[in-house]
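> quick one: sequence plus predicted model below, questions after.
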Amino acid sequence: MRRKLFAWLVLIGVTLFSSCSNADRSTGNRKIIAENKIAQQEDGTISLKIDNAECYHDMTNPASNTAEWHVVISKSGRFNVWLSSATKDTTDMHYQNSVKLSIHDNQLETRPICDKVFQNSSDVSRPYYRADSFMGSLYIQDTGVYSIQVISDKIIPKDYKADKSSDYNQTKLLSVFLTPIK
């Protein structure tokens, strides 16, 4: 019985560890703390890239695709939540379902529309534009480690090959930003 339990735990651990990109997880304006915890930036901003998340993908039912991060909140307060997407069409972002974000007891849900367009963003290459969508605001009362989870049909694996006319080639969720309201 113990061997079966140990085998299952190892299998789950390996799956979670390798589920998303194994890209370099240290970036210029944020640091990753031990055990894949992301630290809040000095100005209070929390920047979460899909490539650095633990992900679950089901391309036959992409509405349940999930990205999750463990974040160390050192400055609590109210935050605006923004989604960044790579899109070919800023008038129709091709999200089939609402995007859901949850942090502890806080939940936001919205269908992204293009609020800001960045034509020359280093986050995307042609023929894509970076489009930011305002999701809403939420209050984080306490400091500590939080799990932040996003569910969206536009959380797409890096190596996924869709046909050229597919909605998966139109838009992809890149990142989530929480910016403090002062």
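Nice, thanks for sending it over. Residues are numbered from 1 along each chain as shown.
> next, the closest residue to residue 128 other than its chain neighbours: secondary structure please.
Spatial nearest neighbour of residue 128, excluding adjacent residues (CB to CB, 6 or more residues apart in numbering): residue 86 at 4.3 Å. (Each C-beta comes from the backbone N, C-alpha and C, glycine too.) Of the three states, residue 86 takes strand under DSSP: H, G, I helix; E, B strand; the rest coil.
> any idea how many residues pack against residue 86?
21 (other CB atoms under 10 Å).
> note down every partner strand of the helix or strand residue 82 falls within and its orientation.
Element membership for residue 82 (DSSP states H and E) is strand 77-87. Using DSSP bridges, the strands paired with strand 77-87 are strand 129-140 (antiparallel), strand 171-180 (antiparallel).
> tell me which of those sits most buried.
Among these, strand 171-180 has the highest mean neighbour count (mean count of other CB atoms under 10 Å), at a mean of 21.
> what does it contact?
43-50, 67, 75, 77-89, 93-95, 99, 101, 123-124, 130, 132, 148, 150, 152, 154-156 (CB atoms under 8 Å, 6 or more residues apart in numbering).
> start and end of stretch 95-115, how far apart?
End-to-end span of stretch 95-115 (CA to CA, to the nearest Å): 15 Å.
> before we move on, the earlier item: so which of the strands paired with strand 77-87 is nearest residue 58?
strand 171-180 (15.2 Å; CB to CB).
> next up, the contacts around the residue nearest to residue 144 when sequence neighbours are not counted.
Spatial nearest neighbour of residue 144, excluding adjacent residues (CB to CB, 6+ apart): residue 73 at 6.1 Å. Counting by CB under 8 Å, 6+ apart, residue 73 touches 40, 46, 140, 142-146.
> could you redo the last one with a cut-off of 10 Å?
39-40, 44, 46, 79, 103-104, 140-146, 148, 178 (CB atoms under 10 Å, 6 or more residues apart in numbering).
> okay, which residue is most central for this protein?
The centroid of the chain falls nearest to residue 50 when counting by CA atoms, centre = their mean (4.1 Å).
> model confidence at the nearest residue in space to that residue that is not next to it in sequence, what's the number?
What sits nearest to residue 50 in space, not counting adjacent residues and going by CB to CB, 6+ apart, is residue 67, at 5.2 Å. Listed pLDDT for residue 67 reads 97.
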